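In: Fold the stuff below for me.
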Amino acid sequence: MSQLNLRIAILLLLAIVSTTWLNLWVVLGLALLAAAISAVLFQVSKARRTEVSASVDVEPFEDWQEWSALTPEEQTTLQIEFGHFLDTLPPTCSMDAKKERFRQWLATEKRVRYSSD
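Out: Model (predicted):
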C-alpha cells in the first residue's frame, strides 16, 4: 500500500511540475508576443509622428512675413515657442528633418516663410 501511495505521490508531483513548466512556457510565450506587438505598434506610431511632408499646403496670405525680416528678438521668441512644440515630437538626429519641422511649424502656425538656405 505504501508503494502505491508513493507512486501516486510521484505521479501527482510530476503532474504539478509539468503543469508548472507548461504554465511557465505559456506565460513566457505570451510575454514575448506582447513585447513583439508592442514594438510593432511603437514603430508604426513613431513612423506616423515623424512623417514630414515635402511641402506644406497652406493658402498664401498677404500678411506673411519673411524669417529674415523679423527682428532677432522676434526670431528668438518664435524659436522658444517652437522648442515647446518640438518637445511633443520624437527626437531626430537629421538636420534636414529638424529644418523641415521648423519650416512647417512656422508656415502653419505663424505664417512665416522660412528658407534654411
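In: Let me see the ranges of the helices in this structure.
Out: Along the chain, counting by DSSP state H, helices occupy 2-50, 72-86, 95-105.
In: Now the second one: average pLDDT?
Out: Averaging the model's pLDDT scores along helix 72-86 yields 94.
In: try the first one
Out: For helix 2-50, mean pLDDT rounds to 64.
In: same deal with stretch 96-114?
Out: Averaging pLDDT along stretch 96-114 yields 92.
In: Tell me how the chain divides into domains.
Out: When the chain is parsed into structural domains using automatic domain parsing, the resulting residue ranges are 1-51, 65-113.
In: how near is residue 10 to residue 4?
Out: As defined by CB to CB, to the nearest Å, residue 10 lies at a distance of 11 Å from residue 4. In this view, the C-beta of every residue, glycine as well, is placed from N, C-alpha and C.
In: If you could redo that for residue 95, that was the one I meant.
Out: To residue 4, residue 95 is 79 Å away according to CB to CB.
In: Tell me which residues of stretch 85-103 come out buried.
Out: Buried positions in stretch 85-103, judged by neighbour count with 16 or more other CB atoms under 10 Å: 98, 100-103.
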